[in-house]
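Chemist: Take a look and give me a structure for this.
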Amino acid sequence: MIEPVWGPVHRDIVDLLADHPADVPAVVDHLTKLQDMLVRLPPLEDSCPLADFNKLYLTITSSVLDGLYDDRFVDPVFLSRLDVEFAARYFDAMRLWTDSSPGTPKAWSCLFERMRGPDARPLPSAAAGVNAHINFDLPFALVTTFDHLESEPVDGSDQHHDYLEINNIFADKIPGLRRGYLERWQLLIDMLNGDIDDW
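Modeler: Numbers count the residues shown, from 1 in each chain. The predicted structure follows:
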């Protein structure tokens, strides 16, 4: 008998992926529940490569949600739709992998394949997820967002402003997140480097 893709939490993950979140609070809820499941995956409990990425993604998306509540964005309808479309790409990739579909994006497969590997390390795993999500998923999410809103991207628009505002959230959150993946000796080197690697 073939072992389920997600081991002991397979049924829970399948159930979670059965629907798409409709708004940013639901995206945060999905990511939170997914994180609780991923950290229980053997053989690397508490050090799952996908959990390493998901933790980062959850932190950034929670900050986006806070920004929506705090009126940080000029066009919250655009930003909310982009967040939902962006998350859908991630959850769809997981769903395809769960079904052993050859349609699983290669950008994601390289991380999913490391799930059971003995050599998966937190920082490279998180970076691989960020690479797949931003470099592969984001362009498609932008296209579907503008299609949904029946508008077009324009330099200097409110949507462009809000899109760039996400960079400020990343700049604020990534240094602390990155340090959370480091071992004690790496933190010492990081401290000696000062802020240069954050820049």
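Chemist: got the contact list for Glu165?
Modeler: Gly67, Arg72, Phe73 (C-beta atoms under 8 Å, 6 or more residues apart in numbering). Where C-beta positions appear, they are placed from N, C-alpha and C, glycine not excepted.
Chemist: what does Thr104 give?
Modeler: Counting by C-beta under 8 Å, 6+ apart, Thr104 has contacts Ala93, Leu96, Trp97, Phe112.
Chemist: And Leu111, how far from Ala51?
Modeler: Counting by C-beta to C-beta, to the nearest Å, the gap from Leu111 to Ala51 is 11 Å.
Chemist: go on, Arg121?
Modeler: Arg121 is 13 Å from Ala51, by C-beta to C-beta.
Chemist: These two: which is more packed in?
Modeler: When neighbours are counted by other C-beta atoms under 10 Å, Arg121 and Ala51 differ, and Ala51 comes out ahead with 26 against 15.
Chemist: How about that one, nearest residue that isn't a chain neighbour?
Modeler: For Ala51, ignoring the flanking residues on the chain, the nearest one in space by C-beta to C-beta, 6 or more residues apart in numbering is Leu38 at 3.7 Å.
Chemist: Lys55 too?
Modeler: Gln35 (6.1 Å).
Chemist: mind listing the strands for this structure?
Modeler: In the chain, no segments count as strands under DSSP state E.
Chemist: This completes my enquiry, with thanks.
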